[in-house]
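Undergrad: this is a predicted model, with the sequence first.
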Amino acid sequence: MQCRIAALSNEDHRVFVTPAEVRTVKLSELSERSGVPIASIKFYRREGLLPPGRSLRATTADYDEGHLRRLELIRAMTRFGGLPVAAVRDVLAALDEPHSPAEVLGIVDYAMPTDLPEGAASVPDEDGPVWAAELVERMGWDVSEQSPHRAALDERMRALQRLDMDWDIEELLPYAQLAESVARLDATHMQQLGDNVTLAERAVVFSALFGPVLALLRRLAHENQARQRSDTPSGT
């Protein structure tokens with residue numbers, strides 16, 4: 001049963017309205033239901049991340065399930081995806097425009113943090129190798145020259161090089177091929193999504209949250225490989 005939330009002028013209360021009943025709840029309960037701290041809810045409203053409710057009269061606004069879903073989405077992107085507020089704002093703006101799920105997924109990918117120092121993406125190392133450019137060419141990928149992930153890849157490969165892990169492009173290619181297989185699975189999965197949550201919103205959640213899932217799967221596989229190669233019994 002769909003529920004509406006009427007926001008009172010008093011910051012400490014909200015009203016959940018259903019066809020069967022009307023009950024008043026404190027903002028603390030709204031925070032508990034959405035999983036978002038009270039201070040964060042107020043901050044998101046000030047920053048324009050959470051849209052205003054439909055005004056009913058001077059002191060009352062009407063909120064629907066979309067606002068609760070938006071709070072959950074913001075929380076997922078900030079807490080699990082690690083996106084800064086500015087990036088979250090860009091992603092949410094994309095959701096409000098008529099973009100396709102594939103376009104939104106690209107926007108989210110560009111918004112994801114690369115952990116590079118500010119400005120590093122625009123100042124490549126002229127003297128060092130450029131792994132990303134050669135890798136993209138060898139793989140036959142269609143990737144923008146402005147992709148922040150090109151500079152991020154080069155920086156991380158340089159970091160490995162400084163630690164005497166000097167991989168050449170041939171050693172990197174098998175990992176790129178695995179990444180392509182994962183990306184193909186991602187695209188297939190996105191095309192199959194069709195529930196009441198829009199595909200575009202699912203693209204945001206999928207991109208922000210599934211990357212860490214892949215990292216965890218890899219760590220589990222690493223442990224499995226270590227145990228198999230050392231013949232260590234599991235559970236110890």
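TA: Cool, the structure landed. Everything numeric here is computed off the predicted structure, so don't read it as measured data.

Undergrad: when you work out contacts or count neighbours from here on, use the C-alpha atoms and nothing else.
TA: Will do.

Undergrad: just the element for N224, please.
TA: Assigned by DSSP states H and E, N224 belongs to helix 199-230.

Undergrad: and A151, by the same measure?
TA: Applying DSSP H and E, one finds A151 within helix 148-162.

Undergrad: and that helix, what does it pack against?
TA: Applying 3 or more C-alpha pairs under 8 Å, 6 or more residues apart in numbering; DSSP states H and E, we find helix 148-162 packed against helix 131-139.

Undergrad: which helices and strands does the helix it packs on pack with?
TA: Using 3+ C-alpha pairs under 8 Å, 6+ apart: helix 131-139 touches helix 148-162, helix 169-192.

Undergrad: please work out which of these is packed deepest.
TA: Per residue and on average, the most neighbours among the helices and strands packed on helix 131-139 fall to helix 148-162, with a mean of 18 (mean count of other C-alpha atoms under 10 Å).

Undergrad: that one vs helix 169-192, what angle?
TA: Helix 148-162 runs at 150 degrees relative to helix 169-192, counting by axes from the mean of the first three to the mean of the last three C-alpha atoms, to 10 degrees.

Undergrad: now helix 148-162 against helix 131-139, angle please.
TA: 110 degrees.

Undergrad: averaged pLDDT, helix 148-162. What do you get?
TA: Across helix 148-162, the average pLDDT comes to 91.

Undergrad: on that earlier part again, distance to W141 added to the helices and strands packed on helix 131-139, as CSV?
TA: Shown next, in CSV, are the helices and strands packed on helix 131-139 (distance: least, C-alpha to C-alpha, whole Å):
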stretch, distance to W141
helix 148-162, 12
helix 169-192, 9
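
Undergrad: need the contact list for G211.
TA: Taking C-alpha atoms under 8 Å, 6 or more residues apart in numbering, we find G211 in contact with no residue.

Undergrad: pull up the per-residue confidence for it.
TA: On pLDDT, G211 comes in at 81.

Undergrad: could you do H99 as well?
TA: For H99, pLDDT reads 71.
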